[in-house]
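[1] I'd like to go over a predicted model; first the sequence, then the structure.
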Amino acid sequence: MSPGKITQQRVFAYITNQDQDTLSVLDTRTNRIMKTIRVGQLPNSVAVSPDGKRIFTTNGAGDSVTIISTGTNLVVQTVKGVGAEPFAVDFSLRRNRYYVPSFYSGSLFVLDIQTNRVLSEIPVGNGPVGVAVSPDENSVYVTSVGAGISIINADTDRVVGTVAEMDSWGIDFSPDGSTYYVNNVGSNSVSMYDARSNKPLQRTSVGLAPIGIVVSGDGRRVYTANSRSRSVSVIDAATLRIMRTVSVGAVPFGVAITPDNRTLYVTNFGSSTVSVIDTATNRVVDTIRTGFNPRGIAITPLRLQEAPNG
Amino acid sequence: MAEPKKPISPSHGWRNRFLVYVGNQNDSTISIIDPSANRIIKTIPVGKNPGQVNASHDGKRVYAINGGDRSISVISTATNEVVRTIRNVSPEPFAAVTIRNKLYVPDLYTGGITEFDTLTYERVDRFPVANLPLSAAASPDGSKIYVTTQARNIWIVDTRLNKVVQSIPDGATWGLDFTADGRKFVVNRFGSNETSVYCARTNREIVSIPVGPAPIDVNISRNGRRAYVTNSRGRTVSVIDLVEHRVIRTIPVGEVPYNLALTPDSRSVYVTNYSGDNVSVIDTATLRVVKTIPVGDGPRGIVIV
């Protein structure tokens, strides 16, 4: 059972409609879209800062990041200078930083979360697509379609290692930081790695071309969006055993889970919908029409203190 | 992307010049450049995000592949106007290749190809190919389409069966082009910064040549002697001698060079610089940039007919 303060928190799902240049704000209590906000061109990903205050979209064709206040749902800033085709965002609040890999620059951009200035540009290799900061905020992992997984030391902003997995896409850590999970988009599988040694522990076949991945907040489940199979794989995080394959819409792209771990949201790029999955029954309980070509998705994070007005 | 190297056919007689068509992905227009003056003569609005442009086999039509609204704009090269829009193509059309009166359009995220009849614009077929296809090239006899992907392998489609009949193991590959005689093809290894030369009969690699970082497009000259490669992270074009199998020149161009195209007389190469919002013109005799032409926002696809 969730603590009371979590159930009182309003939880929103934020969805980028890539080919409409907008962000949809979906209330997860009613499963209705409350607001649609114009952002930069071709928003391909979205993330919410861990303090729940800001929404960040990367705009692939705008070569920009749009920052939106979760309190007002208004754009507060558009950040340029993040390279050619920014693709994803993740955060280190302790370091006051966020990290943006850009596909055609082949770099990871490091920005200050207060000033939104670019602090450094770290070359990582060709075609970076995903980023994950380790839960201890000491390392940043960048996946790519051409250069494997680059591991960056967050103290020095240098690449300190590479995992030779040549077709990685979505990446997420277990909440305790001991393992991370990576979608292998070319070989239709997911891999689990030991985060200390960066050695693969287990590999399991999922549907075709898995892109989005999320680990549940309790660390028990991994969900992958299998873009060419119209399905989501429900995976036991400890054994990497497939527990269920859930049918969703066309070209499922992003996945995100509510802080109480009860509900999974999946963007269906090809159907312009979001599928809502009850994680207890692993069934689709709702399908919601979004804007055109929904791609990125992020959900209000778990917060210890309730922010005013949610 | 590479066009089949046909001899310049009599059907070109109705127009005694050729033009350069550039797809400006981020402002949804096509810039048309007259290469005799290297000036833009017209800018046409098309569908949303025309990432690639291709030409019909007779040169009478140019197709803008609009990734942002699932459509294809059909442009008449006689009037330089959009004469037709094909809608509901697929979720993210990303490339195209023409074989005679057929247009094949790979989709990045569904991993399938949609085939259209270019006389009626009717959809003929849709079939699965592979994960994350980026580019497609037809063998000169039209019997096969080679599809490269962001994921892995080169996938060979038999155009009689519309089915993958073979795959060549590889990592992420991008541009692919055949020699005019169809005996060889070259392919860019996006991940490992190489251009590989293959025997088209056996599909075996002959040699692999290091080029610049993150190579995207490749075009072979009509006489089969040279290949031109855009190094997207190197702001350069590599010129490969296909007899000696080595890079003979690395030419600085603009920011994020993406696609390129050779003029039918093989005297010039036009290169789109995606982040530079311009086109570099290379003289193939001196291997120097002779002109940089500002175009629209985010130029990618280019075709010369």
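    Looks like it arrived, so ask away. The model shown is predicted, which means the values in this text are computed figures rather than measured ones.
[2] return the residues in contact with residue B:54.
    For residue B:54, the contact set (C-beta atoms under 8 Å, 6 or more residues apart in numbering or on different chains) comprises B:1, B:3, B:62, B:63, B:65, B:96, B:97, B:98, B:103, B:301, B:303. Yep, even glycine has a C-beta here, placed from its N, CA and C like the rest.
[3] if you set the cut-off to 6 Å instead, what comes out?
    B:63, B:96, B:98, B:303 (C-beta atoms under 6 Å, 6 or more residues apart in numbering or on different chains).
[4] helix or strand for it, which one?
    If you go by DSSP states H and E, residue B:54 is part of strand B:50-55.
[5] re the thing from before, which one of the contacts of residue B:54 is nearest residue A:193?
    residue B:96 (38.3 Å; C-beta to C-beta).
[6] what are the ranges of the helices in the chain?
    As the question left the chain open, I've gone with chain A. A:4-8 (DSSP state H).
[7] up against chain B, what does it have?
    Residues of chain A that fall close to chain B, judged by C-beta under 6 Å from any C-beta of the partner chain: A:19, A:61, A:84, A:104, A:106, A:126, A:145-146, A:166-167, A:185-186, A:209, A:227-228, A:251, A:269-270.
[8] circling back: what separates the strand holding residue B:54 from the chain centre, distance-wise?
    Remark: strand B:50-55 is offset 8 Å from the chain centroid, using C-alpha atoms, centre = their mean, to the nearest Å.
[9] any regions of the stretch 1-150 of chain B where pLDDT drops low?
    For the stretch 1-150 of chain B, applying pLDDT under 70 flags the ranges B:1-16.
[10] ok, which stretches of it are strands?
    With DSSP state E, counting those that start in this stretch as the criterion, the stretch 1-150 of chain B has strands at B:20-24, B:29-34, B:39-45, B:50-55, B:61-66, B:71-76, B:81-86, B:97-99, B:102-106, B:112-117, B:123-128, B:133-138, B:144-149.
[11] format these as a markdown table; extra columns: distance to residue A:32.
    Shown next, in a markdown table, are these (distance: least, C-beta to C-beta, whole Å):
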| stretch | distance to residue A:32 |
| --- | --- |
| strand B:20-24 | 37 |
| strand B:29-34 | 37 |
| strand B:39-45 | 35 |
| strand B:50-55 | 34 |
| strand B:61-66 | 31 |
| strand B:71-76 | 30 |
| strand B:81-86 | 33 |
| strand B:97-99 | 43 |
| strand B:102-106 | 36 |
| strand B:112-117 | 33 |
| strand B:123-128 | 34 |
| strand B:133-138 | 36 |
| strand B:144-149 | 38 |
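[12] residue ranges with poor pLDDT in chain A?
    A:1-8, A:303-310.
[13] how long is stretch A:204-219 from one end to the other?
    Terminal residues of stretch A:204-219 lie 17 Å apart, using C-alpha to C-alpha, to the nearest Å.
[14] now the strand holding residue B:54 against strand B:133-138, angle please.
    Counting by axes from the mean of the first three to the mean of the last three C-alpha atoms, to 10 degrees, strand B:50-55 lies at 0 degrees to strand B:133-138.
[15] tell me the strands beside strand B:50-55, with direction?
    Neighbouring strands of strand B:50-55 in its sheet, by DSSP bridges, are strand B:61-66 (antiparallel).
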